[in-house]
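Q: Have a look; sequence and predicted model below, questions after that.
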Amino acid sequence: MALTRTLTIETRLDELNRLAEAVENLGEEDNWSPGLVGKVNLVLEELAINTINHGHDGGLHEIAFTFSSTEDALTIEMVDDGKPFDPLTDAPIPDVNAPMHERPIGGLGVFLVRKLMDELSYRREEGRNHLTLVAYRAE
Amino acid sequence: MKLTVVNVTENGVMVVAIEGRVDSSTAPKFRRVLGGVADAGTRGLVLDLENLRFISSASLGVLLEVTKAQARRGGMLAVCSVPDALRKILEISGFDQIIPVHDSQAEALAACSR
């Protein structure tokens, strides 16, 4: 069940469909549970849209994903050359218990990433963000 | 993504079924269509999510916007028939405390009619 795949997308909104399709196909090929497919789909969309919208001051750039799977877990490394951004420390934590009128529109994407993944680690290396995400197969 | 009005009750509650994916690329359309439905003066809006396969933070933002708009004019928004994976997202984000979540359309309609 060990598998490694790579995918590179450009920082354009219409690339999100290709990313979602790749995740669906990989999930089928590697026998992910529907829950795992859903989680990975959501998390990668949130991270990619963040990089597309805020990562650069213009121009077309690339985001590279490497998927490595074992019997127990799926590991995804996401690499981009955008501005330094550590999702573990650089995004405010929303107050999810606040009443409706105090809830701002937005600000949930990175929070969902942190909540849905089992492990997250970040490093900045040679001008690139390297984010490693781990999701256990057991739910 | 597809939105279909499946029911409008005599007391002004509209049920809209949402299918497919509501992601960052379809969220603007979601905002336009759902906002239009709410702006038409619907007192109660029930979203049936049984066939919704994907929701992202962009679409949660739209739900919050429409919920706030409904509250301002004395209306409400509720969701029903939420698949387990999506229900988990609503719970994690605290949206289940803001938007009433019902098991079925019938339950949602009964709650909206009270």
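A: Nice, thanks for sending it over.

Q: hey, where'd the strands end up in the chain?
A: In the absence of a named chain, this looks at chain A. With DSSP state E as the definition, chain A shows strands at residue ranges A:3-10, A:62-69, A:73-80, A:119-125, A:128-136.

Q: ah, I was thinking of chain B
A: B:2-8, B:13-22, B:44-48, B:52-55, B:76-80, B:101-102.

Q: picking up where we left off before, adding distance to residue B:9, mean neighbour count and mean pLDDT, write the strands of chain A out as a markdown table.
A: C-beta here means a position set from N, CA and C on the backbone, and glycine is covered the same way. Below are the strands of chain A laid out as a markdown table (distance: least, CB to CB, whole Å; neighbours: other CB atoms under 10 Å in any protein chain shown; pLDDT from 0 to 100):
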| stretch | distance to residue B:9 | mean neighbour count | mean pLDDT |
| --- | --- | --- | --- |
| strand A:3-10 | 44 | 14 | 97 |
| strand A:62-69 | 46 | 19 | 98 |
| strand A:73-80 | 45 | 19 | 98 |
| strand A:119-125 | 46 | 12 | 98 |
| strand A:128-136 | 42 | 18 | 98 |
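
Q: can you redo the ones you listed as TSV with distance to residue A:30?
A: As requested, these are exported to TSV (distance: least, CB to CB, whole Å):
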stretch	distance to residue A:30
strand A:3-10	5
strand A:62-69	5
strand A:73-80	8
strand A:119-125	18
strand A:128-136	12
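
Q: Distance of the closest residue to chain A within chain B relative to residue A:97?
A: Nearest residue of chain B to chain A: residue B:94, at 3.1 Å (CB to the nearest CB). Relative to residue A:97, residue B:94 is positioned 6 Å away (CB to CB, to the nearest Å).

Q: Now the residue nearest the centre of chain B. Nearest residue, chain neighbours left out?
A: Nearest to the mean C-alpha position of chain B, counting by CA atoms, centre = their mean, stands residue B:47 at 3.5 Å. Once flanking residues are discounted, residue B:47 sits nearest to residue B:79: 4.7 Å by CB to CB, 6 or more residues apart in numbering or on different chains.

Q: For that neighbour, give me its contacts.
A: Applying CB atoms under 8 Å, 6 or more residues apart in numbering or on different chains, we find residue B:79 in contact with B:46-49, B:63, B:90, B:99-102, B:108.

Q: Repeat the analysis, applying 6 Å as the threshold.
A: B:47, B:49, B:99, B:101 (CB atoms under 6 Å, 6 or more residues apart in numbering or on different chains).

Q: For residue B:83, state which of these is nearest.
A: Residue B:83 lies nearest to residue B:49 out of these, by CB to CB, at 6.8 Å.

Q: Run a quick neighbour tally on the closest one.
A: Residue B:49 has 22 neighbouring residues, counting by other CB atoms under 10 Å in any protein chain shown.

Q: ok, it - contacts?
A: By CB under 6 Å, 6+ apart, the neighbours of residue B:49 are B:18, B:79, B:81-82.

Q: With respect to residue A:52, which of those is nearest?
A: The shortest approach to residue A:52 among these belongs to residue B:18, at 24.2 Å (CB to CB).

Q: The closest one touches residue B:52, doesn't it?
A: Yes. Using CB atoms under 6 Å, residue B:18 is in contact with residue B:52, at 4.9 Å.

Q: tell me, what's touching these two both at once?
A: Counting by CB under 6 Å, 6+ apart, nothing touches both residue B:18 and residue B:52.

Q: Only alpha carbons, please: show stretch A:35-52 as PDB.
A: Extracted in PDB, the C-alpha atoms of stretch A:35-52 (Å, rounded to 0.1, in the frame of the first residue of the first chain):
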ATOM      1  CA  GLY A  35     -13.800  10.700   5.200                       C
ATOM      2  CA  LEU A  36     -10.100  10.900   4.400                       C
ATOM      3  CA  VAL A  37     -10.900  12.000   0.800                       C
ATOM      4  CA  GLY A  38     -13.200  14.700   2.100                       C
ATOM      5  CA  LYS A  39     -10.600  15.900   4.700                       C
ATOM      6  CA  VAL A  40      -7.700  16.000   2.200                       C
ATOM      7  CA  ASN A  41      -9.900  17.800  -0.400                       C
ATOM      8  CA  LEU A  42     -10.900  20.500   2.100                       C
ATOM      9  CA  VAL A  43      -7.500  21.000   3.600                       C
ATOM     10  CA  LEU A  44      -5.700  21.300   0.200                       C
ATOM     11  CA  GLU A  45      -8.300  23.600  -1.200                       C
ATOM     12  CA  GLU A  46      -7.900  25.900   1.900                       C
ATOM     13  CA  LEU A  47      -4.200  25.900   1.700                       C
ATOM     14  CA  ALA A  48      -4.000  26.400  -2.100                       C
ATOM     15  CA  ILE A  49      -6.500  29.200  -2.100                       C
ATOM     16  CA  ASN A  50      -4.500  30.900   0.600                       C
ATOM     17  CA  THR A  51      -1.400  30.700  -1.400                       C
ATOM     18  CA  ILE A  52      -3.200  31.800  -4.600                       C
END
